[in-house]
Structure formats: C-alpha cells, structure tokens
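> Prediction below, plus the sequence it came from.
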Amino acid sequence: MLKSARMVKCRILAPKSQASLVINTLYDAKLYHLTPHKKNENNLDIGVPLANAESYSNALVKIRSVLSQFPVGIKKNLPELDQKNWPVYEKGINKLYTDFIEIQEKNKQLRAEESTVHNAQETLKIFQKFQVDLAGLNHSRYLTYFFGTVEKKDNLETSFPDSSLTAIDKHILLVGQKENRESLATGLQLFGFQEIPLNYQKDLNTEITHNRQQLNKVKEQLNSLEKQMAKIEKDLPMLRALEEKVSEEIKKEELPLSFAVTSSSFVAEGFLPQEDSEKLKRLLENNTKNKIHVEISQPTKNDKPPIKLNHKKLVTPFEFLIRLFDLPKYKEIDPTSLVFLTFPLFFGFMLGDVGYGLVLLLGFWLLKKKVPAAKQLASILMFAALISIIFGFVFGEYFGFEHVSLETGKAWCDNLGICLNPHEVESHGVTSMVADFPRLLNRAHGMMHVFGFDILSVLVIGAIVGFIHVNLGLLFGFVNELESHGFKHAFMAKFSWIMLEIGLILIVLKVMGIFGSLMLWLGLVIIALSLYLLGKGEGIQGLIEIPALFSNMLSYMRLGAVGLASVGLAVVVNENLGMPFIEKGGFFIVIGILIMIIGHGINILLGIIGPFLHGIRLHYVEFFGKFFHGGGKEYKPFGDKEE
C-alpha cells in the first residue's frame, strides 16, 4: 500500500445538553480524531469541562499518590463508572487516601522517634563502659563533666592535669571542678571535641531499661502501622483499575475543551476513515435521537488530515523505520511497503553469509521473545537475516568460508553425497586446488567489464540498484507533486530529473558507438530542456543539486563495499588466525576454535551495525530525499488507549 487510508472530515453540531451522549458515543466508537478548536477561529469560544471533571481529577491525584508508594501490580476488573456509582467510588477513594496519609505521617513520626531512642540507647551503652555513676555526676554540686568524641588524641591526657580524663576509642569522659568548666571547654576545642549530651537524672541501668522499653513500644506501634498498610495493599488491584478508568473519564470530561461553543450549542471538528464515516454518523444520530447534525465532507487543501498507517501483518513492523524518520503527510506516498522489500534486500546483500544469517535469525528471534519492547525491530532484522541466508547461498559463503580443501571435498562426496567442484585459487603467490561451494556470484573476485575497466561485480550491481532506487524515488516525487501542486509543477520539479538522465544516457551511448551522431544532438537538446524545466520547478537549488543526483546513485556501491569488508575480515579470521592453529592439532585446535568464535562474533556484530546503518542511510538520504517530506500527524481516535 503506497497511500494511507482515505480520510473524511466530520463536523458535529449539537445542543450542549447532548454533549455527554456525544462524547460517550465518540469514546465507545474509537473512530473520531478530534481537531482542537482555536479561539481565534470563527469567533467562537472554547468549551469548558463537564461537571465531574474536577471531582475525577482530585480523585486521580489521590489514587496516584497512594499507588506511587507501591510497586506495579495486577489490576481488578471494575464495572463502568457513571453518575450513579461514582459517588460510592469517590467516597471510598477519599477514605483510603485519608487513612493512607495518616499512616504515612504516623510512620514518619515513629521512625524519627525510633532513631532518637536507638541513638540514645547506643550512647548509654558506650557511657556504661566508663563505669561512672551518671546520676551522681548529674547531681554533684562541685563536679562537672564532658562526654563526647575527639578528633585528635596527641597530648590529650597531659593537657588537663587537674582533671580526671578517661578515653575509650574516640570517646572521652573528662571530669573536673565546676568553676573550671569554661577553661576545660576551651581546652577541649583544641582537640576537635564534639559533646554528646547526657541529660539523665536516674542511674545508668534504669535509663537503659527505660530506653529499651521505649524502643519496644515504638516497634509495636510500627508493627501496627504495617498491618494497617497491609489492609490498604489488599485494595491496590481495585485502585489500579480505578486509576485507569478515572483517567479515561477525565479525557471524556475534558473533551469539550477542544469544542467550539455558542451559548446553547457546540461544534466538534475532526477526521475519520471514509469507510467508517456512515457508521459513526448512525451511532451519533441514534444515541441522541436525531438531536444532532453530522456533516461529512472531503478534506480541503487547507485541512491537515491525520495519517492512518494500515499495513498487512508482515509489513507492519517496518512502520518502525518510517516513524524513526517521520510520518508521511496525508496524500503523500507511504513508503513502508517498499521499505519492507528493499531494506532487507540491502541488508542481506551486504551481509550475505549463510552462517551469519542463521546466527542472527536465532538471535533476533530470542530478542523478540524476551524483550517485547524490541518486537518490531527484531521482526525487521529477522526478515533481513533470512535474506542474508539467501544471499549467502548466492555468494557461496558460510562463516566466511568459500571453499574447503580438495581432500575434505572428496570425503564429503564419498560419505555424504555432497560433491563440490574443484577450483584453483592463489593465496600469497601460492596456487592450490580447493573444492568450491556452489554459488551464483563470487562477490570477492567476480568482475564486470565496464567502459574498458574490470570492476568488481558487487560494486556494479550496487550502482545499478542505486540508479533504479533513486529513479523510483523521483517517480514517487512526481506522484506526490501531481497530487499536491498539479501536473505542470510535478513535470518541472521531478520529471525533469529523469529527462536529464535520459539525455546523458543518449550521449554516453553515442560515445560508446551504439547510436549515431543524431542521438548526441538529441541528448543535448533533452539536457538543455531538462535544465530549463528544473530551474523553473525547483529554482537555483535544483540546479545546484545536479551533481548530488549522480553521487546518490554511486553511494549505493556501498552495498558491495560493506559486504567486501565483511568477507575480508572473515577470511582473515579463518585463514590467517584460526586455521593455522587448528592445522597444528592437539590443544592448538581449542585455541583456533576460540579465535574463530571471537573473530566471527566481532564480525557478526559489525555485520549488524554496518548493514543496518548503511541500509537506513540509503533510504533516508538517497531515496526519501527525492519524494518524502514527512510532517504527518498520526491518526489517534478519541477513546483509543495508548499502548
């Protein structure tokens, strides 16, 4: 399919009293792509949300506030929300939210209290090691004390000769006369002293026991909160279902914001597929008992209908590549079906190895099963891997091997019935006989004679493919311009390029001696005419881009060049790295196999990246540049939930 689904414009005019019925009908039908009204159009105001919009919005905020504290889980099926059952659900949501907030606040307080009590308990345990009567110190009329940590201990004990100082690890206890407290505090600052308050009036053991009781009490309260939270968790499936339903109801309630309104009526404008227009019209008229006017018309030039991509199941994954670039405008050619054919062919031609293709086919099949988010990309690359296997048979390449030794070939023929043709090859100046795998084209050595030069066949094939692909793009461009600007502009802007090529071909054929001198003059006339038309159709920019047309075609030679690089690396891995170790036998066989696994693994990775990127580039730059403008808006009918 080269064109997207045909759209029609649908204008709905109805009294405001029918707004809810119209919105519910549109939501259930899932056909109507609404175009939001702008206030400066037709001097009509924008509508306001329906009555329950604020109620639903507040409820959604509360639902999501609760759900944000829990992992994603299962949903429960709920009946449809309506004005009758919504107050019940709303009351339940408010109650659940209030309980949840209370639990959260209480939990926060208890956690802070738990931390305070726990720290106090640890402090008392440390102080207990000093074996000092805490209550006595706190009630003493003559003594003062400092308890805390110091950063430095050098000369600490000798710095307070008139006081009692005990140090355990970084903690110290300094006991001195009360009248010396200020001087003792000043002296301790020199050692980086940090005081730990001990505001206790009872003896140490009593305080430790009291703290332990406080800690147990806090833990009991926390356990009680956990049980309350567990009750809330039981309602989470219902809450998740409510979140989805309330979200959808908000869409309905806020849809009038896209309407144009008068004092008593509203107008909605949008688009839908032509094949569904009568169905939607009947639904609207029946549900409102004909208290509505529905007008179906064809889009005008000023309209911007949405795009509905609707391909066969096999082609659908390739929409991913189109979306990476942009969606086509309405009535612009949709290239998805063509990309479905050409991208795998380009990828397969560049990779072209039976072994590599099988590995990628299995790998992308596993990716498709294990990673649902990569399903479309994996499907594309599975198809491309399958084409790589086919081209692998065409090129006669199996993990980079194009032949086996003559002895191996004879053994295969005798034991397996697979008889390969003997062939003479030269490597590093040494000629030897090998058994070649069957092939239709040798891409590493096959040559074509072009204009007196021997050029690798795969490079020539790439250039020919480029000529066909680029000109197909020009023909598509002609069709697009014909649709949007008429025949005259289409002929000047697009067909003039094809005329230019025809003129150049005639001149080349004359130079080759195939045609007479008449064709030379005819070619020159056609070129001159094409340049004039091109200047009229695309201006100076078109004339400047003439060299780019031919560089675009030659760019397709990368189809062969990338493949040759892959073959070269595979040959190096096999013949220069792996096989020399395998031929030594013994433990060296393991080393050789390991080298080949790593080497071919790297080559397969490059075989994914290179062909994919170059294949994408040939479509996005060389091909799409001839006809594809993009900028289309995707068809998203109201009520259709996003995946």
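Here it is on my side, so go on. Numbers count the residues shown, from 1 in each chain.
> Quick one: residues contacting the nearest residue to P306 once chain neighbours are set aside.
Closest residue to P306 apart from its sequence neighbours, by CB to CB, 6 or more residues apart in numbering: Y635 at 3.9 Å. C-betas here are computed from N, CA, C, even on glycine. Neighbour list for Y635: A5, M7, H33, F271, P273, P306, I307, K308 [criterion: CB atoms under 8 Å, 6 or more residues apart in numbering].
> so what's the second one closest to, chain neighbours aside?
Counting by CB to CB, 6+ apart, M7 lies nearest to P305, which is 4.0 Å off, once chain neighbours are set aside.
> Go ahead and list the helix or strand containing the one you found.
Counting by DSSP states H and E, there is no helix or strand that carries P305.
> quick one: contacts for it?
Counting by CB under 8 Å, 6+ apart, P305 makes contact with M7, K9, F271, P299, Y330.
> Which pLDDT value belongs to it?
Listed pLDDT for P305 reads 92.
> just L351 next, same as before
Predicted confidence (pLDDT) for L351: 93.
> Same check on the one 3 residues further on?
According to the predicted model, the pLDDT of V354 comes to 93.
> OK, contacts around it?
Contacts for V354 (CB under 8 Å, 6+ apart) come out as I389, G392, F393, E397, Y398, F399.
> Which stretches in the stretch 101-250 of the chain count as helices?
Here the stretch 101-250 of the chain has its helices, by DSSP state H, counting those that start in this stretch, at 134-139, 181-189, 204-234, 236-254.
> Give me the distance between stretch 247-260 and the centre of its chain.
Mean-position distance between stretch 247-260 and its chain equals 29 Å (CA atoms, centre = their mean, to the nearest Å).
> ok, back up a step: and which of the contacts of V354 is nearest S258?
Lowest distance from S258 to the contacts of V354 (CB to CB) belongs to I389, with 51.0 Å.
> Measure how buried the closest one is and give me the count.
When counting by other CB atoms under 10 Å, one arrives at 20 neighbours for I389.
> Over to K289?
Neighbour count for K289, taken as other CB under 10 Å: 9.
> Can you say which helix or strand has it in it?
Counting by DSSP H and E, there is no helix or strand that carries K289.
> Strands along the stretch 351-500 of the chain, start to end?
403-405, 421-427, 430-436, 447-450, 453-456 (DSSP state E, counting those that start in this stretch).
> Convert stretch 4-18 to PDB, retaining C-alpha atoms only.
C-alpha atoms of stretch 4-18 as PDB (Å, rounded to 0.1, in the frame of the first residue of the first chain):
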ATOM      1  CA  SER A   4      -2.500   5.800   3.700                       C
ATOM      2  CA  ALA A   5      -6.200   5.200   4.500                       C
ATOM      3  CA  ARG A   6      -8.500   7.800   2.900                       C
ATOM      4  CA  MET A   7      -9.900  10.300   5.500                       C
ATOM      5  CA  VAL A   8     -13.000  12.400   5.500                       C
ATOM      6  CA  LYS A   9     -13.800  15.500   7.500                       C
ATOM      7  CA  CYS A  10     -16.600  15.200  10.100                       C
ATOM      8  CA  ARG A  11     -18.300  18.200  11.700                       C
ATOM      9  CA  ILE A  12     -20.700  17.600  14.600                       C
ATOM     10  CA  LEU A  13     -23.200  20.300  15.700                       C
ATOM     11  CA  ALA A  14     -25.400  19.600  18.700                       C
ATOM     12  CA  PRO A  15     -27.000  21.300  21.700                       C
ATOM     13  CA  LYS A  16     -25.000  21.400  24.900                       C
ATOM     14  CA  SER A  17     -27.500  19.100  26.600                       C
ATOM     15  CA  GLN A  18     -26.300  16.300  24.300                       C
END
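> quick one on the thing from earlier: neighbour-wise, which one of the contacts of V354 leads?
E397 (28 neighbours).
> Contact partners for it?
Contacts of E397 by CB under 8 Å, 6+ apart are G352, D353, V354, G355, F437, R439, R443, V567, A570.
> shouldn't the fifth one be in contact with F399?
Yep, that's F437 we're talking about. No: between F437 and F399 there is no contact under CB atoms under 8 Å: 11.2 Å.
> Okay, now the unreliable bits of this protein?
Low-confidence segments of the chain, defined by pLDDT under 70: 1-3, 40-42, 201, 425-430, 513, 515-516, 642-643.
> how close does the most centrally placed residue in it sit to L613?
In the chain, the C-alpha nearest the mean C-alpha coordinate belongs to A373, at 7.8 Å (CA atoms, centre = their mean). Here A373 is placed at a distance of 21 Å from L613 (CB to CB, to the nearest Å).
> Output stretch 579-594 as CSV, restricted to C-alpha atoms.
Extracted in CSV, the C-alpha atoms of stretch 579-594 (Å, rounded to 0.1, in the frame of the first residue of the first chain):
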residue,chain,number,x,y,z
MET,A,579,43.1,-22.4,10.7
PRO,A,580,46.9,-22.1,11.3
PHE,A,581,46.3,-23.2,15.0
ILE,A,582,43.8,-25.9,14.0
GLU,A,583,46.2,-27.4,11.5
LYS,A,584,48.8,-27.8,14.3
GLY,A,585,46.4,-30.2,16.1
GLY,A,586,46.2,-31.1,19.7
PHE,A,587,45.5,-28.3,22.2
PHE,A,588,46.0,-25.8,19.4
ILE,A,589,42.7,-26.8,17.9
VAL,A,590,40.9,-25.4,21.0
ILE,A,591,42.8,-22.1,20.6
GLY,A,592,42.0,-22.0,16.9
ILE,A,593,38.3,-22.6,17.5
LEU,A,594,38.2,-19.9,20.3
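> What is the distance between it and the centre of its chain?
The chain centroid and the centroid of stretch 579-594 are separated by 43 Å under CA atoms, centre = their mean.
> Can we start the residue count at 16 from this point?
Sure, I'll start counting at 16 from here, so that last one is stretch 594-609.
> What residues of it count as buried?
Judged by neighbour count using 16 or more other CB atoms under 10 Å, the buried positions of stretch 594-609 are F596, I597, G607.
> The second one: helix or strand, and which one exactly?
Taking DSSP H and E as the definition, I597 sits inside helix 594-599.
> what about I89, is that helix, strand or coil?
Classification of I89 by DSSP: H, G, I helix; E, B strand; the rest coil places it in coil.
> Now it: phi and psi?
Per-residue torsions, I89: phi -80, psi 160 (degrees, to the nearest 10).
> Isn't it up against M253?
No: I89 is not in contact with M253 according to CB under 8 Å; the separation is 10.5 Å.
> Can you show me the helices along the stretch 266-415 of the chain?
In chain order, the stretch 266-415 of the chain shows helices spanning 292-302, 334-340, 351-366, 369-385, 390-410, with DSSP H, counting those that start in this stretch as the criterion.
> And these: which comes nearest V526?
Nearest of the helices of the stretch 266-415 of the chain to V526, taken as CB to CB: helix 351-366 at 30.4 Å.
> Dump the helices of the stretch 266-415 of the chain to a markdown table, plus distance to S72.
Shown next, in a markdown table, are the helices of the stretch 266-415 of the chain (distance: least, CB to CB, whole Å):
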| stretch | distance to S72 |
| --- | --- |
| helix 292-302 | 26 |
| helix 334-340 | 32 |
| helix 351-366 | 39 |
| helix 369-385 | 39 |
| helix 390-410 | 34 |
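> I'd assumed S179 was in contact with L189.
Yes: judged on CB under 8 Å, L189 makes contact with S179 at a distance of 7.3 Å.
> More neighbours: those two, which one.
Between L189 and S179, counted using other CB under 10 Å, the more crowded position is L189 (23 against 12).
> can you count the residues close to the nearest residue to the more buried one once chain neighbours are set aside?
Leaving aside its chain neighbours, L189 sits nearest to F161 (4.4 Å; criterion: CB to CB, 6+ apart). As a burial measure, F161 scores 20 neighbours (other CB under 10 Å).
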